[in-house]
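1. sequence unknown, structure follows:
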């Protein structure tokens, strides 16, 4: 996709299926690439989950563009 919104907003609830595996990553190797958008979700008082989406392959019917 060749569009660069300021923010993306989910149009519907996002459900993570039971059994989804999360791999360990090296925290020192985070790269910020133009076209990647992230959201941090609180799991409890001590943990968050970071979700990163890329507009190159993002289905536009799942997200809407939000301008400030």
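-> Great, that's in hand. Bear in mind the structure is a predicted one, so any value in this text is a computation, not a measurement.
2. Could you measure from the spatially most central residue of the chain over to residue 63?
-> Geometric centre of the chain, nearest residue: residue 52, 3.0 Å, by Cα atoms, centre = their mean. Taking Cβ to Cβ, to the nearest Å as the measure, residue 52 falls 13 Å from residue 63. Heads up, the C-betas are built off the backbone N, CA and C, glycines and all.
3. that older thread, give me the number of residues near the nearest residue to the residue nearest to the centre of the chain once chain neighbours are set aside?
-> Using Cβ to Cβ, 6 or more residues apart in numbering and skipping the chain neighbours, the partner closest in space to residue 52 is residue 38 (4.7 Å). Neighbour count of residue 38, defined by other Cβ atoms under 10 Å: 10.
4. Could you list the paired strands of the helix or strand containing residue 38 along with their orientation?
-> Per DSSP states H and E: residue 38 is located in strand 36-42. Paired strands of strand 36-42, with direction, are strand 48-54 (antiparallel) (DSSP bridges).
5. in the partner strand, what counts as buried?
-> Under the neighbour-count criterion of 16 or more other Cβ atoms under 10 Å, strand 48-54 has residue 53 buried.
6. hang on, the earlier thing: so what's the residue nearest to the centre of the chain scoring on pLDDT?
-> Looking at residue 52, its pLDDT is 83.
7. again, but for the one 4 residues further on
-> Among the per-residue scores, residue 56 shows a pLDDT of 80.
8. Just the buried positions in the helix or strand bottoming out on mean pLDDT in the chain, please.
-> Within the chain, no helix or strand scores below strand 63-66, which has a mean of 81 by mean pLDDT, DSSP states H and E. Residues of strand 63-66 classed as buried by neighbour count (16+ other Cβ under 10 Å): residue 63.
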